[in-house]
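Colleague: coords please:
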Amino acid sequence: MDERIDAEGLVVTPLALDQMREAVLRLRGQGVEALVIHFMHSYVNDAHERQARELAATLWPNAYITVGSELLPEYASSSAARRRPSTGSCSRSSTATCARWPPSSPARATGASC
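Modeller: Below you'll find the predicted structure:
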């Protein structure tokens, strides 16, 4: 999906709302039960995640929408994250995913957890 906010929080590429709409409808049509919205650098500027959530909420059939910047609105500042900058983003996305794992998920039924 076309969008980019740089590490300073400046919009480089505006969120392509038409692509977002298309992606949400495609996922819904495939029977996906939960939606996680997570864009790079949203810990600095969450405008694109908020726009995506607003659009998704009009199309998604349930309340299982999670936005990474709302769940964990900061970048991991551990020494591991400083050595590997992607660590902070990975932690935020996995936390967001686990937070909205639907109760009816086959993984939950087998006892899997995050």
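Colleague: use CA for all of it now, contacts and neighbours both
Modeller: Fine.
Colleague: remind me which residues of this protein are low pLDDT?
Modeller: 73-114 (pLDDT under 70).
Colleague: run the last query once more with 90
Modeller: 1, 40, 43, 68-114 (pLDDT under 90).
Colleague: show me where it has helices.
Modeller: 17-29, 47-59, 68-71, 79-83, 86-99, 106-109 (DSSP state H).
Colleague: what packs against the first one?
Modeller: If contacts are counted by 3 or more CA pairs under 8 Å, 6 or more residues apart in numbering; DSSP states H and E, helix 17-29 sits against helix 47-59.
Colleague: for the helix it packs on, packing partners?
Modeller: Packing partners of helix 47-59 (3+ CA pairs under 8 Å, 6+ apart): helix 17-29, strand 35-37, strand 65-67.
Colleague: check which residues of it are buried.
Modeller: For helix 47-59, a neighbour-count test (16 or more other CA atoms under 10 Å) marks 47, 48, 49, 50, 52, 53, 55, 56 as buried.
Colleague: quick check: the fifth one touching residue 37?
Modeller: Yes - judged on CA atoms under 8 Å, residue 52 makes contact with residue 37 at a distance of 7.2 Å.
Colleague: CA atoms only for stretch 64-75 - export them in PDB, please.
Modeller: C-alpha atoms of stretch 64-75 as PDB (Å, rounded to 0.1, in the frame of the first residue of the first chain):
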ATOM      1  CA  TYR A  64     -11.600  -6.500  15.600                       C
ATOM      2  CA  ILE A  65      -9.500  -3.600  14.300                       C
ATOM      3  CA  THR A  66      -6.200  -2.800  16.000                       C
ATOM      4  CA  VAL A  67      -4.000   0.100  15.300                       C
ATOM      5  CA  GLY A  68      -0.300  -0.300  16.300                       C
ATOM      6  CA  SER A  69       0.300   3.300  17.400                       C
ATOM      7  CA  GLU A  70      -2.700   3.100  19.800                       C
ATOM      8  CA  LEU A  71      -1.600  -0.100  21.400                       C
ATOM      9  CA  LEU A  72       2.100   0.700  21.700                       C
ATOM     10  CA  PRO A  73       2.600   4.400  20.800                       C
ATOM     11  CA  GLU A  74       6.400   4.400  21.300                       C
ATOM     12  CA  TYR A  75       9.500   3.000  19.700                       C
END
